[in-house]
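**Q** below are the sequence and a predicted model; questions follow.
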Amino acid sequence: MIKRLLLASALVLFFSSLTPLFPAQNRVIRVQQPAIHGDIITVSRAGTAFAKPDLGILTMAIQSSEPLVEEATTDNVQKAKAVESALAALGFSHDQYKITSVVFGRDGANGAGGVQYVQPNQAPPMGYSVSQYVYVFFDGPELNDVAQLGEKVAGAIEALRKAGATPTSPSLGPGRFYPPQSRAAMVVYTIKDSDKYEREALQQALQRAKEAAQDVATTMQVQLVKLDSVRTGFLSRAYPMRNGLTPLDGLPYRFYSDRSDEVQISANATLNYIFK
């Protein structure tokens, strides 16, 4: 019993001494403190890799609201055709944009059954809504030229607006908007193949967790006998999750950023060591 108390005290002192090593930064990674259960030391650490985006995604929405669902559907079909014509006129091929499948709903409700945001003193709309996402993709050399990219994105936004599309948060879906003070970016960035960076982040997390476990054992004056279990994971689709949002519907990419120069890929590892 006394030995356990001494070991616990040593552990507290050890981690208190580490506090100055982790100054506040813009990116905050929560790290689980080591725990002692019986003869098991549990340590969790995170690892992060950074990739240069190779794809930008502009998100807008096509939405129609009418008293009758047939009227809303007809209106939405016409807007979708106008959007396709507008993108073709700008030189976008079919593989450079995507229009998602139609979502039917009732005005005044979101996909989770809640009530969508409306302006103060404004009555919620009644009727039916028909909506779709429009994703426009930007890649290649234009991602390296901020001025060229901004000009092309602005041109696409204006053309889509004239065709009947509206700006929307990529997280909530067509017709489901944030209050003005909390809307997400219309353009987000990703990397098409993140495997290399996922491995890098995971290896970093594993190595940090292994070193931390050894530091704990040294401080406690015990010996690590063997690795009992490993648990790993990724902060998949990191950009939307970091803002409490849902992923971009219908797209296969795993990590997103609102920065055109950097995508953050984060992994975590939890190691359980038996000690004596």
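**A** All right, it came through fine.
**Q** please count neighbours and contacts with C-alpha atoms only from this point.
**A** Noted.
**Q** can you give me the strands for the stretch 151-276 of the chain?
**A** 165-167, 187-190, 224-234, 256-257, 263-275 (DSSP state E, counting those that start in this stretch).
**Q** who does the longest one pair up with?
**A** In other words, strand 263-275. According to DSSP bridges, strand 263-275 has the following sheet partners: strand 40-51 (antiparallel), strand 224-234 (antiparallel).
**Q** which parts of the last one are buried?
**A** Okay, so that is strand 224-234. Residues of strand 224-234 classed as buried: 224, 234 (neighbour count, 16 or more other C-alpha atoms under 10 Å).
**Q** that strand - what's its average pLDDT?
**A** Strand 224-234 shows an average pLDDT of 93 in the prediction.
**Q** among the strands paired with strand 263-275, which comes closest to L58?
**A** Ranking these by distance to L58, with C-alpha to C-alpha as the measure, places strand 40-51 first at 19.4 Å.
**Q** can you pull out the helices in the stretch 101-250 of the chain?
**A** With helices called from DSSP state H, counting those that start in this stretch, the stretch 101-250 of the chain shows them at 146-163, 195-220, 238-242.
**Q** need the ones you listed in TSV (columns: mean neighbour count, mean pLDDT and distance to A82).
**A** Shown next, in TSV, are the helices of the stretch 101-250 of the chain (neighbours: other C-alpha atoms under 10 Å; pLDDT from 0 to 100; distance: least, C-alpha to C-alpha, whole Å):
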stretch	mean neighbour count	mean pLDDT	distance to A82
helix 146-163	16	94	5
helix 195-220	18	95	37
helix 238-242	19	45	29
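**Q** who does A46 form a beta bridge with?
**A** Counting by DSSP bridges, the residues bridging with A46 are N268.
**Q** quick one, what contacts it?
**A** 29, 31, 201-202, 204-205, 208-209, 266-269 (C-alpha atoms under 8 Å, 6 or more residues apart in numbering).
**Q** nearest spatial neighbour of G140, skipping sequence neighbours?
**A** Among residues not flanking G140 along the chain, D54 sits closest, at 6.9 Å (C-alpha to C-alpha, 6 or more residues apart in numbering).
**Q** quick check on the one you found: phi, psi?
**A** The phi/psi pair for D54 (degrees, to the nearest 10) reads phi -120, psi 10.
**Q** tell me the bridge partners for the nearest residue to N272 once chain neighbours are set aside.
**A** Of all residues not flanking N272 in the chain, T42 sits nearest, at 4.5 Å (C-alpha to C-alpha, 6+ apart). On the basis of DSSP bridges, T42 takes part in beta bridges with A35, N272.
**Q** coming back round to it: what would the strands of the stretch 151-276 of the chain look like in a markdown table with distance to G155?
**A** Output for these, formatted as a markdown table (distance: least, C-alpha to C-alpha, whole Å):
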| stretch | distance to G155 |
| --- | --- |
| strand 165-167 | 13 |
| strand 187-190 | 13 |
| strand 224-234 | 36 |
| strand 256-257 | 22 |
| strand 263-275 | 25 |
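**Q** which among those is found nearest to Y128?
**A** So among the strands of the stretch 151-276 of the chain, strand 165-167 is nearest, using C-alpha to C-alpha, at 17.4 Å.
**Q** quick one: mean pLDDT over the closest one.
**A** 90.
**Q** partner strands of that strand and their direction?
**A** Partners of strand 165-167, by DSSP bridges, with direction: strand 55-66 (antiparallel).
**Q** after the strand it pairs with, which helix or strand is next?
**A** helix 69-89 (DSSP states H and E).
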